[in-house]
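S.K.: need a 3D model of the following:
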Amino acid sequence: MRSEYERASARCVRGAGGRALHRAVLPLTLALALGACAQTQTKPGTSAPPANLSGYSAAFKDGFKDGCNTARGSGRRDDLRASVDGQYAQGWQDGNAICGKR
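M.R.: Presented below is the predicted three-dimensional model:
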């Protein structure tokens, strides 16, 4: 027959170890899951723009990226699109100006 001390020790080890492992695994799993969501992807051959473009239209973002790539020597301006899409044209001008300074 086990003593009261042995029974208490067994409960303590079994209970604390399970909870301690659970406390360590859950935050680690959560951190990995959230970290995976934070990654962004860019097209091969282009780099992320040096500005936060959230809140701008898709046309402006496209123009900004093209303007930035042009300033870096690896892109070109879509003249047809710039002539009919003011958002693209403005984005291209801003991207070219900002990336040209760097």
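
S.K.: quick check: closest non-adjacent residue to residue 61.
M.R.: Nearest residue to residue 61, sequence neighbours excluded (Cβ to Cβ, 6 or more residues apart in numbering): residue 53, at 5.0 Å. The C-beta positions use only the backbone N, C-alpha and C, and glycine is treated the same way.

S.K.: the one you found reaches residue 60, doesn't it?
M.R.: Yes. Using Cβ atoms under 8 Å, residue 53 is in contact with residue 60, at 7.3 Å.

S.K.: of the two, which one has the most company?
M.R.: Using other Cβ atoms under 10 Å as the criterion, residue 53 and residue 60 rank with residue 60 on top: 21 against 16.

S.K.: name the SS class of that one, please.
M.R.: With DSSP: H, G, I helix; E, B strand; the rest coil as the basis, residue 60 sits in helix.

S.K.: the closest residue to it other than its chain neighbours - how many residues pack around it?
M.R.: Closest residue in space to residue 60, ignoring its immediate chain neighbours: residue 91 at 3.8 Å, by Cβ to Cβ, 6+ apart. When neighbours are counted by other Cβ under 10 Å, residue 91 registers 27.

S.K.: cool, thanks, talk later.
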